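S.K.: Turn this into a model:
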Amino acid sequence: SKLELFPGGKGANQAAAAARLGYPTYFIGQSGNDANAEFLKGSLVESSVKIDALKTVECSSGSAYIFLEPSGENSIVILGGANQHPWQLSDFDKDLLSKAGAVLLQREIPEYVNTEVAKIAKDSQVPVILDAGGADAPLGADLLSNIELLSPNETELARLTSMPTSTEDETLEAARHLMGAGVGSVLVKL
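M.R.: As a prediction, this is how the structure comes out:
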């Protein structure tokens, strides 16, 4: 057995991927004041992500521990750290959001932050894309109505809608349910 350390988090991975594709990418987020923070910041910068809006807060950085069993199954333990620490968007953050080409969100940060970000973006006619993974809880109406594209997998879709998703027809009906709640489009990952 061995221990390996990799940078990540859904939001950081989204930002790194967009920047590596050549899109000017800012990361609005929080890191802790621990040793992992510099590692995480360095990996973002290495991917050409601009970290001007990445704040340091007085706690540990968010982290996930993935335990891989010999059978191939895994178990994940998530420590929210800075991701769950209280947030406040600055005027700089809000300006970045209002001028963005698109805003990518994920659920490893508090929903109230995603809701505020999504409202700012939508009010500025910036499309909002939300990866539904990261939290096992319903999405609030204020957030749903500000999302242009929601991307759950089948299990997340079932949890979000309390509807079955075992068949293609059930999956389509559950996706339509979310669209009826104000989401522009739903892209289900199979």
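
S.K.: okay, now Thr167: neighbour count?
M.R.: When counting by other Cβ atoms under 10 Å, one arrives at 9 neighbours for Thr167. Yep, even glycine has a C-beta here, placed from its N, CA and C like the rest.

S.K.: Relative to Ala158, how far out is it?
M.R.: Distance, Thr167 to Ala158, using Cβ to Cβ, to the nearest Å: 12 Å.

S.K.: What of Ile66?
M.R.: Relative to Ala158, and taking Cβ to Cβ, Ile66 is found at 23 Å.

S.K.: of those two, who's got more company?
M.R.: Remark: of Ile66 and Ala158, Ala158 carries more neighbours, 17 against 12, as counted by other Cβ under 10 Å.

S.K.: who touches that one in this structure?
M.R.: The contact partners of Ala158, by Cβ atoms under 8 Å, 6 or more residues apart in numbering, come to 164-165, 174.

S.K.: go again using 10 Å as the cut-off
M.R.: 152, 164-166, 170-171, 174 (Cβ atoms under 10 Å, 6 or more residues apart in numbering).

S.K.: Surely it forms part of a helix?
M.R.: Yes: applying DSSP: H, G, I helix; E, B strand; the rest coil, one finds Ala158 inside a helix.

S.K.: For it, report the pLDDT, please.
M.R.: Model confidence at Ala158, expressed as pLDDT, equals 96.

S.K.: Return the distance of it relative to Arg107.
M.R.: Taking Cβ to Cβ, one finds Ala158 at 16 Å from Arg107.

S.K.: what's the answer for Gly182, then?
M.R.: From Gly182 to Arg107 the distance is 17 Å (Cβ to Cβ).

S.K.: Pro138 now?
M.R.: 11 Å.

S.K.: residue at max distance from the center of the chain?
M.R.: Ranked by distance from the centre of the chain (Cα atoms, centre = their mean), the top residue is Ser1, with 30.2 Å.

S.K.: quick one, what contacts that one?
M.R.: Applying Cβ under 10 Å, 6+ apart to Ser1 gives the contacts 67-68, 70.

S.K.: between the residues you listed, which is nearest Val117?
M.R.: Phe67 (31.9 Å; Cβ to Cβ).

S.K.: Skipping its backbone neighbours, what lies nearest the closest one in space?
M.R.: Ser75 (4.7 Å; Cβ to Cβ, 6 or more residues apart in numbering).

S.K.: and that neighbour, helix, strand or coil?
M.R.: Counting by three-state DSSP, the backbone at Ser75 sits in strand.

S.K.: That one and Glu69, how far apart?
M.R.: Distance of Ser75 to Glu69, given as Cβ to Cβ: 7 Å.

S.K.: Perfect, I'm done here.
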